[in-house]
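1. here you go, sequence then predicted model.
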Amino acid sequence: MTSSFTDIIKGDVITVDHPEYISSLARWAKNAERKARVVVFVKDADDVSRSIIYAKENNLQIAIRGGGHNAAGASSAEDGLVIDLSRYLQGVRVDAKEKLAYVGGGALWKHVDAEAIKYGLATVGGKVNHLPPVKTGVGGLTVGGGHGYLSDRHGLTIDNLKQVTIVTASGATLTANESENEDLFWAVRGGGSNFGVVTEFVFQLHPQRATVFAGAILFPVQKAKELVEATTKWLENIKADESMTQVYAVDASGKLLIAAFVFFNGSEEEGRMKFKSLYDIGPAVDLAKEIPYEELNGLMGTELDHGKSYYLSGLSQKKPCYEATVELIQKLSESSKTGLRPAVGFEYMSQAKVNSVPVSATAFRRQLAYNILCNIQWDGEGPDRTDEARLLAREMTEIILRGQGTLSEAEKQGYTNYGHDLSLPTSLSIAPHLDHQGPSSKVERAFTTNYPRLQQIKKKYDPDVIFNKWYPIEPAA
Ligand SMILES: Cc1cc2nc3c(=O)[nH]c(=O)nc-3n(C[C@H](O)[C@H](O)[C@H](O)COP(=O)(O)OP(=O)(O)OC[C@H]3O[C@@H](n4cnc5c(N)ncnc54)[C@H](O)[C@@H]3O)c2cc1C
């Protein structure tokens, strides 16, 4: 490390001999950690720009770290340079008059929710907060599309994004919005970390009531049939402001659990009416109640500890299916005996608002149906079990899709931010994904009809593919 680089960086430069080196590599998923050559806790856009130039001069792969929640290692770089926004660029400022939030590129959703609601406002964040040292960042979730409890009313996170400040591969700091650098603004809304480092996001805020009805309702596995039937019926008339995430999981003792995390953006009395068909089944435990809005995103994921290893896989579902659910329950129980802890979350909410935006309006390939997340956990200190977890995720996917009739390729796709195998090239000088039809076509599938335009924009802003950690786009010829 040259002293000239450390001298020009206002933030902190961490290398292997630094006391903070190990902690600077920590990620939510143990298997997402990589031994970087240098971690730069940047203070501002100039630090980002200098870090990019340094990495290019020294042929170091670049990773950008927002919250560090990505389980595939997209925010880590083996022997590379990590631009870490989480220490100094995590501020949130609300302009209540204009209903806008100015949010640092390394901020956490928890802080956005807490700050905005002070003014009776909110925007669309994710559904799992995870606090330090386990953090869900604004950065990765937003550039990957972003959906959450308020999506049925306000769309995706990117539909509420008004502007970004972004440092591109040349080291230039640009403002991108609907009238300035529009191509870049289009690409960054769903194109992930392919186009640069976002140092500030500006989000539209919406009036939000102070309390909401939410929480887990637990059902014994014997009630699965009634639950599927009630859910199917409820989905027929689903509207904005009411949603449910059903989680099928195996706990540490090997017991299968079914939890329906219900949400109604209103009072407890109305909420209980909305979910009457579920209550009529007779849940084993009812933890749902009226809670302060800012606690909503902390309800789920509490058992997904920091420091474990994880494999994530996303897919879509058009309708619940009992036969598939029975098979899934069996598969979950069997596989838990192997030491893997799988869980499947079915995210049921009205998709009307999200899909009212044309696919071509942003880079994001909109979900045509309900999101499903398969999440497989194992001991973070033990041997790597990625291959087994991948196989199990495939088996679970096949089971879930069996109940869906004939689906197009687009309909089978899951949310890009739920992907694990992102086809990451490991070296700057060779970008292996460009040489193989397989991985490249995987990237293409992630963006479907938007891919050719993304390739043009990649050519303009990152022709050498220095941002290559998350579905790396091949620049147009
Ligand atoms: C249990 C669980 C639940 C989830 N629930 C939801 C959900 O409800 N809704 C949802 O939308 N997603 C959800 N996700 C996925 C979530 O969007 C990703 O985990 C996302 O990566 C988190 O963002 P991060 O900043 O913490 O990621 P990081 O690990 O820091 O980064 C991930 C990717 O984003 C890039 N990135 C991060 N910050 C920036 C930035 N400022 N500028 C440019 N690129 C950046 C990184 O380079 C990397 O490629 C969930 C994930 C898990 C594991």
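-> Arrived safely, thanks for sending. Everything quoted here is computed from the prediction, not taken from an experiment. Numbers count the residues shown, from 1 in each chain.

2. the nearest residue to residue 185 once chain neighbours are set aside: what's it in contact with?
-> Closest residue in space to residue 185, ignoring its immediate chain neighbours: residue 176 at 3.9 Å, by Cβ to Cβ, 6 or more residues apart in numbering. Backbone N, C-alpha and C define where each C-beta goes, glycine included. Residues counted as contacts of residue 176 (Cβ atoms under 8 Å, 6 or more residues apart in numbering) are 163-166, 182, 184-185, 188.

3. those residues in strands, which ones?
-> Within the contacts of residue 176, residues falling in strands by DSSP state E are 163-166.

4. got any ranges where the stretch 251-400 of the chain has weak pLDDT?
-> Counting by pLDDT under 70, the stretch 251-400 of the chain contains low-confidence residues at 367-368.

5. 80 - rerun?
-> 252-254, 301-305, 367-368 (pLDDT under 80).

6. which residues of the stretch 101-250 of the chain lie near the ligand?
-> Residues of the stretch 101-250 of the chain lying close to the ligand (Cβ under 6 Å from any ligand atom) are 105, 126-128, 135-137, 139-141, 143-144, 146-148, 192-193, 197-198.

7. go with 8 Å
-> Within the stretch 101-250 of the chain, the positions adjacent to the ligand are 105-106, 125-128, 130, 135-148, 156-157, 166, 188, 192-193, 195-199, 201 by Cβ under 8 Å from any ligand atom.

8. residues touching residue 262, list them.
-> 213-215, 217, 242-244, 271, 274-275, 278, 288.

9. measure the residue of the stretch 251-400 of the chain found nearest the ligand to residue 112 for me?
-> Distance from the ligand to each residue of the stretch 251-400 of the chain (Cβ to the nearest ligand atom) is smallest for residue 301, at 4.8 Å. Residue 301 sits at a distance of 17 Å from residue 112 (criterion: Cβ to Cβ, to the nearest Å).

10. give me the element the nearest residue to the residue of the stretch 251-400 of the chain closest to the ligand once chain neighbours are set aside is part of.
-> Excluding the flanking residues, the one nearest residue 301 by Cβ to Cβ, 6+ apart is residue 128, at 3.7 Å. For residue 128, there is no helix or strand it lies in under DSSP states H and E.

11. residue 128 and residue 303 touch, don't they?
-> No - if you go by Cβ atoms under 8 Å, residue 128 and residue 303 don't touch, sitting 10.9 Å apart.

12. let me see the ranges of the helices in the stretch 51-200 of the chain.
-> 109-117, 138-143, 151-154, 182-188 (DSSP state H, counting those that start in this stretch).

13. related to what we said a few turns ago, make CSV out of the contacts of residue 262 and add neighbour count and secondary structure.
-> Below are the contacts of residue 262 laid out as CSV (neighbours: other Cβ atoms under 10 Å; DSSP: H, G, I helix; E, B strand; the rest coil):
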residue, neighbour count, secondary structure
213, 24, strand
214, 25, strand
215, 22, strand
217, 22, strand
242, 22, strand
243, 26, strand
244, 21, strand
271, 23, helix
274, 22, helix
275, 21, coil
278, 24, helix
288, 24, coil
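
14. so the closest residue in space to residue 373 that isn't next to it in sequence, which state does it fall into?
-> Spatially, and ignoring its direct neighbours in sequence, residue 373 is nearest to residue 345 (4.6 Å; Cβ to Cβ, 6+ apart). Of the three states, residue 345 takes strand according to DSSP: H, G, I helix; E, B strand; the rest coil.

15. quick one, what contacts residue 345?
-> 245-247, 300, 372-373, 375.

16. strands - which of those land there?
-> Judged by DSSP E, the contacts of residue 345 include 245-247, 372-373, 375 as members of strands.

17. need those in JSON lines (columns: neighbour count).
-> Formatted as JSON lines, the ones in strands among the contacts of residue 345 follow (neighbours: other Cβ atoms under 10 Å):
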{"residue": "245", "neighbour count": "23"}
{"residue": "246", "neighbour count": "23"}
{"residue": "247", "neighbour count": "21"}
{"residue": "372", "neighbour count": "24"}
{"residue": "373", "neighbour count": "21"}
{"residue": "375", "neighbour count": "22"}
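
18. and the residues you listed as TSV, adding distance to residue 29?
-> TSV is the format used below for these (distance: Cβ to Cβ, whole Å):
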residue	distance to residue 29
245	20
246	23
247	18
372	19
373	14
375	10
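
19. pull the most distant pair out of those residues.
-> Within the ones in strands among the contacts of residue 345, 246 and 375 form the most distant pair, 13.5 Å apart (Cβ to Cβ).

20. contacts only, for residue 18.
-> So residue 18 contacts residue 24 (Cβ under 8 Å, 6+ apart).

21. what sits opposite residue 244 in the beta ladder?
-> residue 262, residue 348 (DSSP bridges).

22. hang on, it packs against residue 260?
-> Yes - here residue 244 reaches residue 260: they are 5.4 Å apart, a contact under Cβ under 8 Å.

23. and for the two, which residues touch both?
-> Residues touching both residue 244 and residue 260 by Cβ under 8 Å, 6+ apart: residue 278.

24. pLDDT weak spots in the stretch 51-200 of the chain?
-> Looking at the stretch 51-200 of the chain by pLDDT under 80, you get 129-135.

25. ok, which stretches of the stretch 251-400 of the chain are strands?
-> 256-264, 285-286, 289-292, 309-317, 341-348, 370-378 (DSSP state E, counting those that start in this stretch).

26. next: the stretch 1-150 of the chain.
-> With DSSP E, counting those that start in this stretch as the criterion, the stretch 1-150 of the chain has strands spanning 12-14, 38-41, 62-65, 81-84, 92-95, 100-104, 121-122.
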